[in-house]
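A.B. asks: sequence unknown, structure follows:
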Ligand code: DC
């Protein structure tokens with residue numbers, strides 16, 4: 001079967017990354033976590049002590065940032081220079097900062113260029129906010145995942161608890177809503193469902209159910225069924 005580009009977009013904690021990873025495994029595709037790239041930019045800015053208001057300083061940082069994605073293992077690994085920062089970028093402070101930094105033009109332009117360079121030949125599943133609408137508007141298959149905000153907050157809370165991080169349901173829910181608002185309202189490449197994306201509401205689906213559903217769509221579209 002031909003290897004195409006599959007875009008999976010949607011708001012935070014809608015189940016995109018787990019679904020994309022498992023679907024990629026099942027199809028023999030490579031998974032590219034584009035959110036991890038913005039998270040790594042946020043970490044770099046935090047380490048350099050830069051204010052996100054100072055767009056010139058962020059632009060200079062983006063000129064010299066040495067960000068590399070590694071696909072050798074199932075999980076994407078992200079490197080800044082030679083340091084594996086894959087775990088460090090998962091903190092709540094970086095989640096918030098990544099949403100803010102991803103709205104800045106020099107950051108988006110560089111990351112989008114890198115994403116296009118990595119995945120243009122096909123055989124990639126990318127998850128993000130703007131993959132089907134902006135990065136690869138001609139992607140052969142596009143999904144848009146949504147879920148009720150309470151379900152998303154509950155999932156994120158369980159993830160945090162599993163990592164031993166204490167948080168309240170209300171705080172997690174408020175952070176998700178704030179991040180969605182930022183991501184939907186930025187000027188350049190906001191979070192939006194592409195006209196030709198298949199909408200999947202994951203509120204009542206298990207992870208396995210989600211992956212099955214997307215897999216069936218892919219098989220149907222690519223003629224495998
Ligand atoms: O998917 P995530 O939660 O790891 O993404 C972190 C932030 O990065 C998210 O709040 C918005 C931004 N992002 C983006 O603007 N465009 C993408 N394609 C992926 C993520």
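C.D. replies: Now that the structure is in, tell me what you want to look at. Fair warning: this is a prediction, and the values are worked out from it, not measured in the lab.
A.B. asks: would you agree residue 194 is in contact with residue 144?
C.D. replies: Yes. Between residue 194 and residue 144 a contact is recorded at 7.1 Å, counting by CB atoms under 8 Å. Heads up, the C-betas are built off the backbone N, CA and C, glycines and all.
A.B. asks: now do the shared contacts for those two.
C.D. replies: Common neighbours of residue 194 and residue 144 (criterion: CB atoms under 8 Å, 6 or more residues apart in numbering): 9, 132.
A.B. asks: for these two, work out which one has more neighbours and name it.
C.D. replies: Using other CB atoms under 10 Å as the criterion, residue 194 and residue 144 rank with residue 144 on top: 23 against 19.
A.B. asks: now do the phi/psi pair for that one.
C.D. replies: As for residue 144, its main-chain torsions (degrees, to the nearest 10) stand at phi -130, psi 110.
A.B. asks: so what's it up against?
C.D. replies: Contacts of residue 144 (CB under 8 Å, 6+ apart): 8, 9, 10, 132, 193, 194, 197, 198, 199, 200.
A.B. asks: what about 7 Å?
C.D. replies: 9, 10, 193, 197, 199 (CB atoms under 7 Å, 6 or more residues apart in numbering).
A.B. asks: and which of those residues is nearest to the ligand?
C.D. replies: For the contacts of residue 144, the closest approach to the ligand (CB to the nearest ligand atom) belongs to residue 9, at 7.4 Å.
A.B. asks: for that closest one, give me the backbone phi and psi.
C.D. replies: phi -110, psi 170.
A.B. asks: which one is residue 13 nearest to, not counting chain neighbours?
C.D. replies: residue 152 (3.9 Å; CB to CB, 6 or more residues apart in numbering).
A.B. asks: same question for residue 184.
C.D. replies: residue 191 is the one closest to residue 184 (CB to CB, 6+ apart), at 4.8 Å.
A.B. asks: can you confirm the one you found is in a strand?
C.D. replies: No. Assigned with DSSP: H, G, I helix; E, B strand; the rest coil, residue 191 falls outside any strand and is coil.
A.B. asks: residues touching the residue nearest to residue 13, list them.
C.D. replies: Residue 152 neighbours (CB under 7 Å, 6+ apart): 12, 13, 14, 176.
A.B. asks: and the closest residue to residue 51 other than its chain neighbours, what element?
C.D. replies: Distance criterion CB to CB, 6+ apart; nearest residue to residue 51, sequence neighbours excluded, is residue 57 at 7.3 Å. Using DSSP states H and E, the element containing residue 57 is helix 55-64.
A.B. asks: separation between the residue nearest to residue 13 and the ligand?
C.D. replies: Here residue 152 is placed at a distance of 11 Å from the ligand (CB to the nearest ligand atom, to the nearest Å).
A.B. asks: what does residue 106 give?
C.D. replies: 14 Å.
A.B. asks: okay, now the closest residue in space to that residue that isn't next to it in sequence: neighbour count?
C.D. replies: Leaving aside its chain neighbours, residue 106 sits nearest to residue 59 (4.0 Å; criterion: CB to CB, 6+ apart). Counted by other CB under 10 Å, the residues lying close to residue 59 total 15.
A.B. asks: residues near residue 15, how many?
C.D. replies: The burial count for residue 15: 24, using other CB under 10 Å.
A.B. asks: wait, isn't it in contact with residue 210?
C.D. replies: Yes. Under the criterion of CB atoms under 7 Å, residue 15 makes contact with residue 210 at 5.7 Å.
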